[in-house]
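Q: Pasting a predicted model and its sequence here:
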Amino acid sequence: MKIVVAGGDGFCGWPTALYLSQKGHEVTIVDNLVRREIDDELGSNSVTPILPLEERVAAWKEVSGKEISVVIGDLTDYDTVAGLFKDLQPEAFVHFAEHRSAPYSMIDREHAIENHRNNVEGTLNVLWAIKDYAPDCHLVKLGTMGEYGQPNIDIEEGWIEIEHKGRKDRLPFPKQPGSFYHLTKVHDSDNIMFACRIWGIRATDLNQGVVYGLETEETRLDPRLVNRFDYDAVFGTALNRFIIQAAIGHDLTVYGNGSQTRGYLNIQDTVRCIEIACENPADRGEFRVFNQFTEQFSVQELAEKVQKVAKDLGTEVDIDHLENPRVEKYDHYYNAVNTNLLDLGLEPHLLTDEHLTEVLKVAQNNTDRVKRELVLPTVTWK
Ligand code: NAD
Ligand code: USQ
């Protein structure tokens, strides 16, 4: 298939582009490299030394013999987006290209607005360009499990059957997101659902949980293909942060009592989920939602797993319960459905000590790149 991977220079996008290319798909990466600019803004960096995008893609060609095309472009620029659809006529457009950090969106008013502008405007441009230039293209859009929040009922996959005053309907599942970033994903979902309904666009909204891990089969082929690995308190995510904290002998930073529970998945499953979505497109006019995670954990459980694996490797780390910089629920009910992707053939890589050990060793080999001052959170929700 001809597939565009928007955001293909990022943590999820890069290994996905390699995986799809390895599988024989014709892949074009579109990215404006803003994530690298944000590293400069925050004084941050990837723990792994990632090469510039052109060099990564050249290394891939050398290693695999396969070519990935690159367009340096911004999805908020409509001429760029329209040109992509006109020229390439992709069968699938995989859309990772958003600002994805909850703390980043909560820094101040300007960051909240820029987060909304980038994410909502980019997705609107993609929807209009599909309508105008490639109406059969399947939009595969990365949403987030965080759109639902933590309701006191089971979380369904996008839709819920409701009986109200004797009448029934299948309605969008209620959304209670926990940051301005997570809100942008809700707005995207609404806009995509509307576009499917009025224009007959085909779309799959992948409500992804927190992604952990680093390497995939393809990134392991050559050090120049290594994936990015965030650890700072703004872009680093829970489990990956704990692994890097263990590597540098830092206390594990559990926020509050650690009972906050979320859906998680291995980066190796992210790439497969994208393949499954692309190869099983939504129908014309269908707005399809898959919950993309494989297991549920509280942050306390994750910290304890990392603590144990670090100890087995000879490093003792403590778990520190920091005052929570966020406003979020503790001791809440959490049970989310995730059967759609399993039914289409996903075979999850579950979280094992072996996996944690592999990633911890990579972190230990790169501790000189970690800036300790970026580990503790400074952005608060209040
Ligand atoms: P990332 O920040 O590492 O990558 C995003 C990429 O998109 C970056 O390379 C960035 O330069 C690019 N980008 C951003 N705005 C753009 C624009 N306007 N035009 C062109 N390129 C742009 O993030 P990630 O971790 O790879 O996440 C990818 C997607 O998956 C995001 O939409 C995110 O919300 C979603 N997601 C991520 C996780 C996770 O744990 N990492 C979990 C759930 C959902
Ligand atoms: N947490 C800690 N300590 C830390 C970091 C996080 O206890 O050092 C806690 C948070 O308070 C939260 C949970 O871990 O309860 C998850 O936080 P996170 O930073 O790992 O994830 P989140 O902010 O939700 O965002 C990440 C990605 C985002 C994606 C989302 C999926 O950055 O792009 O949308 O995971 S989900 O969580 O399902 O919404």
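A: Yep, that arrived. Quick caveat: nothing in here was measured; it's all calculated off a predicted structure. Ligands and ions are numbered 1, 2, ... in the order given.
Q: any idea what residue 281 is structurally, helix, strand or coil?
A: Here residue 281 is recorded as coil under DSSP: H, G, I helix; E, B strand; the rest coil.
Q: Excluding chain neighbours, what is closest to it?
A: residue 138 (4.0 Å; CB to CB, 6 or more residues apart in numbering). (Glycine included, C-beta is placed from N, CA and C.)
Q: Also residue 376?
A: Using CB to CB, 6+ apart, the closest residue to residue 376 is residue 233 (6.2 Å).
Q: Isn't the one you found up against residue 373?
A: No - if you go by CB atoms under 8 Å, residue 233 and residue 373 don't touch, sitting 10.0 Å apart.
Q: Looking at the two, which is more packed in?
A: Per other CB atoms under 10 Å, whichever of residue 233 and residue 373 has more neighbours is residue 233, with 19 against 9.
Q: Is stretch 141-157 positioned near ligand 1?
A: Yes - residues of stretch 141-157 are located near ligand 1 by CB under 6 Å from any ligand atom, namely 142, 144.
Q: Flag every buried residue along stretch 280-293.
A: 281, 282, 287, 288, 289, 290, 291, 292, 293 (16 or more other CB atoms under 10 Å).
Q: correction: stretch 174-190
A: For stretch 174-190, by 16+ other CB under 10 Å, it's 175, 177-189.
Q: try stretch 68-75
A: For stretch 68-75, by 16+ other CB under 10 Å, it's 68, 70, 71, 73, 74, 75.
Q: Which of the three states applies to the second one?
A: In other words, residue 70. Applying three-state DSSP: residue 70 is strand.
Q: What residues are bridge-paired with it?
A: Residues in a beta bridge with residue 70, per DSSP bridges, are residue 29.
Q: Surely it and residue 53 touch.
A: Yes - taking CB under 8 Å as the definition, residue 70 is a contact partner of residue 53 at 6.2 Å.
Q: any shared contact partners between these two?
A: Each of 29, 31 lies in contact with both residue 70 and residue 53 under the rule CB atoms under 8 Å, 6 or more residues apart in numbering.
Q: Next up, identify which helix or strand the residue nearest to residue 19 when sequence neighbours are not counted is on.
A: Leaving aside its chain neighbours, residue 19 sits nearest to residue 271 (4.0 Å; criterion: CB to CB, 6+ apart). For residue 271, the element it lies in under DSSP states H and E is helix 267-279.
Q: before we move on, what about residue 304?
A: Residue-wise, residue 304 maps onto helix 299-312 under DSSP H and E.
Q: Please determine whether that helix lies in contact with ligand 2.
A: Yes - judged by CB under 6 Å from any ligand atom, helix 299-312 comes into contact with ligand 2 through residue 299.
Q: who's in contact with the residue of the stretch 51-200 of the chain found nearest ligand 2?
A: The nearest approach of the stretch 51-200 of the chain to ligand 2 comes at residue 146, 2.3 Å away (CB to the nearest ligand atom). Residue 146 makes contact with 102, 177, 178, 179, 182, 185, 262, according to CB under 8 Å, 6+ apart.
Q: again, only this time at 7 Å
A: When contacts are counted by CB atoms under 7 Å, 6 or more residues apart in numbering, residue 146 touches 177, 178, 182.
Q: quick one: the helices in the stretch 201-350 of the chain?
A: 238-247, 267-279, 299-312, 339-343 (DSSP state H, counting those that start in this stretch).
Q: which bits of the stretch 51-200 of the chain sit near ligand 2?
A: 100, 101, 102, 144, 145, 146, 182.
Q: any idea which of these is closest to residue 127?
A: Proximity of these to residue 127 (CB to CB) peaks at residue 144, which lies at 18.4 Å.
Q: Run a quick check on that closest one versus residue 206, I expect a contact.
A: No - the pair residue 144 / residue 206 is not scored as a contact, 8.9 Å apart, by CB atoms under 7 Å.
Q: among the buried residues of stretch 68-75, which are within reach of ligand 1?
A: Applying CB under 6 Å from any ligand atom to the buried residues of stretch 68-75, those adjacent to ligand 1 are 74, 75.
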